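Trainee: give me the fold of what follows.
(one chain, ligands or ions: 1)
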Amino acid sequence: MKRKTIISGFSKLSREEKMEKMGELTGSAEQIKAKLDSFRLQNTEQQNLLDEISENTLANFYLPFGVAPNFLINDHLYHIPMVIEESSVIAAASRSAKFWARHGGFNAQVVSVVKSGQVHFIWKGETNKLHNLLPELKFDLFRASQELTINMRKRGGGIQNIELIDLSDKMENYYQLHVTFDTADSMGANFINSCLEKIAQQTKHFFKHYEGLSDVERECEVIMSILSNYTPDCLVECSVECSLDELDNIHPGISGKEFASRFQKASKIAELDIYRATTHNKGIFNGIDAVALATGNDFRAIEANGHAYASKTGKYKSLSKASISDKRFHYQVKMPLSLGTVGGLTSLHPLAKFGLELLGKPSAKELMMITAAAGLANNFGALRSLITTGIQKGHMKMHLTNLLNALKADYEEKKQALEYFAHKTVSYNEVETFINSLRTKLQ
Ligand code: MEV
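Mentor: Reported below is the predicted structural model:
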């Protein structure tokens, strides 16, 4: 039966009252409370902190926090924290990291760190006049936003430029103020949005009080002001490279030359075909999102950005690319990553803070390189499996423990199952049959 009861004022209820409400709708409030309480922290200070991060918090939702060790990036060794529910991601990242640590490591560099936001507005005067007013408007906007940007300027960031974009041919009288920012070590969403709202307010004020304008020209209708999560100029690249000979032992029975050639074809397919490109990029985001979560960064923004960038030519493509030249294999990812190492959750969430400590408290630029390396490592690991053993062998091995837990296997059953499936194909049916056979033997 579908429930149609609308709950009013839910956010104003205490946690206990909220659980009672849930109880009224779903069964017993006591059971709900017992279940949810078991996922709360003993440390009330930290629990209160987590409660207040979001609205209507009832409990904590746990995900594994792990480490992928041995990432050699620009000659510096990192052990990368990752938060992820998919069993094989940390294993794949670690395996790739170990391989590349022995073959020169990851080379990474930040190409640019510009972010942007737009004030979208309607102005009904002549376009030429708007262009003529722009220098004065810009001056006024920089002046008006001085107070808001003072701290950011001290940290080396601030507003870089304000540009007028004329889109009146696409929508009548529609223009944008395209504002570019450097947000130093913060992701900067709040800073950018506050600046944009100030700029919007001041733009309206500028037109309203500018002498000599007609009534129509005095009217500037701001539709909205918001940062863009698309940051094609906040870009990082990361690559690995080795001779074909060094790939000789990467998989039994396949020469380095053959491995590289297959790898390059797999990479090319992801460039050509959107079905493959999406999955290929998902494999990159396996690593990237896991680091983003472990360091308190906004993985939805990161994903939206990466996928938009993957379609920048009008066709969705892979974000990484393999090439072979002079008997050398080269694999590179180039993508926008807008990350922060100060502000937001980075210093609030106890484990995000720890994640950053584990990385040696990196700058935002350093974290961009580390995160890109994690993405490339997972992507390399996926392709390495896909073109050799297939993905399921490793995947299901890692998933075996989940299956055993779902079957409520005890320590001894797990031990025997792990031994039994060490060289066998894992499937739910096979595992269930095996566990049942152990259990019937014991009866
Ligand atoms: C699974 O999470 C990710 C892969 O599908 C990525 C890929 O196919 O490249 C293995």
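Trainee: now tell me what touches stretch 74-84 from outside.
Mentor: Contact with stretch 74-84 is made by 63-72, 89-90, 93, 97, 101, 105-108, 286-287, 289-291, 293-295, 351, 354-355, 358-360, 369-370, 373-374, as judged by CB atoms under 8 Å, 6 or more residues apart in numbering. Using the backbone N, CA and C atoms, a C-beta is placed for each residue, glycine as well.
Trainee: go again using 6 Å as the cut-off
Mentor: Contacts to stretch 74-84, defined as CB atoms under 6 Å, 6 or more residues apart in numbering, come from residues 63, 65-69, 71, 90, 108, 290-291, 293-294, 355, 358-359, 370, 374.
Trainee: touching the ligand at all, it?
Mentor: No. On the criterion CB under 6 Å from any ligand atom, stretch 74-84 is out of touch with the ligand, staying 9.6 Å away.
Trainee: now do the buried residues in that stretch.
Mentor: By 16 or more other CB atoms under 10 Å, the buried positions in stretch 74-84 come out as 78, 80-84.
Trainee: just the CA trace of the least confident helix or strand in the chain by mean pLDDT, in CSV.
Mentor: Ranking every helix and strand in the chain by mean pLDDT, DSSP states H and E puts helix 391-406 at the bottom, with a mean of 85. Extracted in CSV, the C-alpha atoms of helix 391-406 (Å, rounded to 0.1, in the frame of the first residue of the first chain):
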residue,chain,number,x,y,z
ILE,A,391,36.9,-8.4,-14.8
GLN,A,392,34.9,-11.0,-12.9
LYS,A,393,37.7,-13.1,-11.7
GLY,A,394,39.2,-10.4,-9.4
HIS,A,395,35.8,-8.8,-8.8
MET,A,396,34.1,-11.9,-7.5
LYS,A,397,37.1,-12.9,-5.5
MET,A,398,36.8,-9.6,-3.6
HIS,A,399,33.0,-9.9,-3.5
LEU,A,400,33.3,-13.4,-2.0
THR,A,401,33.5,-12.1,1.6
ASN,A,402,30.3,-10.1,0.9
LEU,A,403,28.5,-13.2,-0.3
LEU,A,404,29.8,-15.2,2.7
ASN,A,405,28.5,-12.4,5.0
ALA,A,406,25.2,-12.4,3.3
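Trainee: and the contacts of that helix?
Mentor: 87-88, 91, 385, 414, 417, 421, 426, 428, 431.
Trainee: ok, longest helix in this structure?
Mentor: Longest helix in the chain by number of residues, with DSSP state H as the criterion: helix 127-154.
Trainee: and it, what other elements does it pack with?
Mentor: When contacts are defined as 3 or more CB pairs under 6 Å, 6 or more residues apart in numbering; DSSP states H and E, helix 127-154 sits against strand 158-166, helix 189-209.
Trainee: my reading is that Glu241 lies in a helix. Confirm?
Mentor: No. Assignment of Glu241 by DSSP: H, G, I helix; E, B strand; the rest coil gives strand, placing it outside any helix.
Trainee: can we start the residue count at 168 from this point?
Mentor: Sure thing, new numbering starts at 168, so read that last one as Glu408.
Trainee: tell me the bridge partners for it.
Mentor: His497 (DSSP bridges).
Trainee: that one and His497 touch, don't they?
Mentor: Yes. Counting by CB atoms under 6 Å, Glu408 sits close enough to His497 to count as a contact (4.7 Å).
Trainee: now do the end-to-end distance for stretch 275-291.
Mentor: End-to-end span of stretch 275-291 (CA to CA, to the nearest Å): 48 Å.
Trainee: excluding its backbone neighbours, what's nearest the residue in the stretch 218-367 of the chain that the ligand sits nearest to?
Mentor: Using CB to the nearest ligand atom, the closest approach of the stretch 218-367 of the chain to the ligand is made by Glu253 at 5.6 Å. Distance criterion CB to CB, 6 or more residues apart in numbering; nearest residue to Glu253, sequence neighbours excluded, is Asn453 at 6.5 Å.
Trainee: any chance of the buried residues of stretch 241-251 in a markdown table, plus secondary structure, pLDDT and distance to Leu192?
Mentor: Formatted as a markdown table, the buried residues of stretch 241-251 follow (DSSP: H, G, I helix; E, B strand; the rest coil; pLDDT from 0 to 100; distance: CB to CB, whole Å):
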| residue | secondary structure | pLDDT | distance to Leu192 |
| --- | --- | --- | --- |
| Tyr245 | strand | 98 | 47 |
| Ile247 | strand | 98 | 42 |
| Pro248 | strand | 98 | 38 |
| Met249 | strand | 98 | 36 |
| Val250 | strand | 98 | 31 |
| Ile251 | coil | 98 | 32 |
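Trainee: how about the contacts made by Cys405?
Mentor: 273, 275, 500, 539-540, 543.
Trainee: those residues in helices, which ones?
Mentor: Short answer: those in helices (DSSP H) are 539-540, 543.
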